[in-house]
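Peer 1: Below: sequence and its predicted model.
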Amino acid sequence: MPRPDPVKLSGGCQCGAVRFVLEGQPHWVAHCHCSLCRKQTSAPYATWISLPADAVAFSKGEPAIWEDKPDRQRGFCSRCGTQLLGKTPKYPGEVHVLVGALDEPSAVTPQVHSYFADALDWVHPSDGLRRFATTSKEGPPLD
C-alpha cells in the first residue's frame, strides 16, 4: 500500500482546550471497524491517520490519557471528552490521530477498511477501498 502524501495539518477538541499540529509523512489512513474503535468513538467505525510519534505537537493543552489495555493509550480532552489519538505497542513509534479531530478532515483520504471482519452487518461501504479482515500487513484483502 503506498504511503499518503506528507501532511501539515492542525486539529483539536470540540471545546478548543487541546490543539495540535501534525507535520510529517503518514504511514497510512484507514477506516477501522474493530470493536475497540467503535467503543472509543461511539460510531460504526473510526477513521485514523498514522504518523511517527514525533510528527504530533500540541500547541495548546495536552490530552488526558487512558490506558484501555496495558501499554495501549487513548488520548482525549478532559474538558469536553473529544477523542483525539491512540498509541499501541502493536505500532511502536507511531501515533494514530482520529481524522474527525482535524480542522480539515477532507485533507486526507482513507486508503483501506481495516478489521472489516468486525464490521457491523449494516455497514456496506461503496467507496471502492480494499477491505482487510484485520490489517493490510496481516493478510490479503477480502475482496
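Peer 2: Yep, that arrived.

Peer 1: Can you tell me the centre-most residue of this structure?
Peer 2: Nearest residue to the geometric centre of the chain (C-alpha atoms, centre = their mean): residue 48, 2.1 Å.

Peer 1: Run me through the strand neighbours of the helix or strand where it lies, direction for each.
Peer 2: Following DSSP states H and E, one finds residue 48 within strand 46-52. Next to strand 46-52 in the sheet, as set by DSSP bridges, lie strand 28-32 (antiparallel), strand 94-98 (antiparallel).

Peer 1: quick one: furthest residue from the center of the chain?
Peer 2: residue 143 (22.9 Å).

Peer 1: got the residue ranges for the helices in this structure?
Peer 2: Assigned by DSSP state H, the helices in the chain fall at 35-41.

Peer 1: what about it, any weak spots by pLDDT?
Peer 2: Along the chain, the model assigns pLDDT under 70 to residues 1.

Peer 1: can you rerun that using 80?
Peer 2: Along the chain, segments meeting pLDDT under 80 span 1-6, 69-71, 143.
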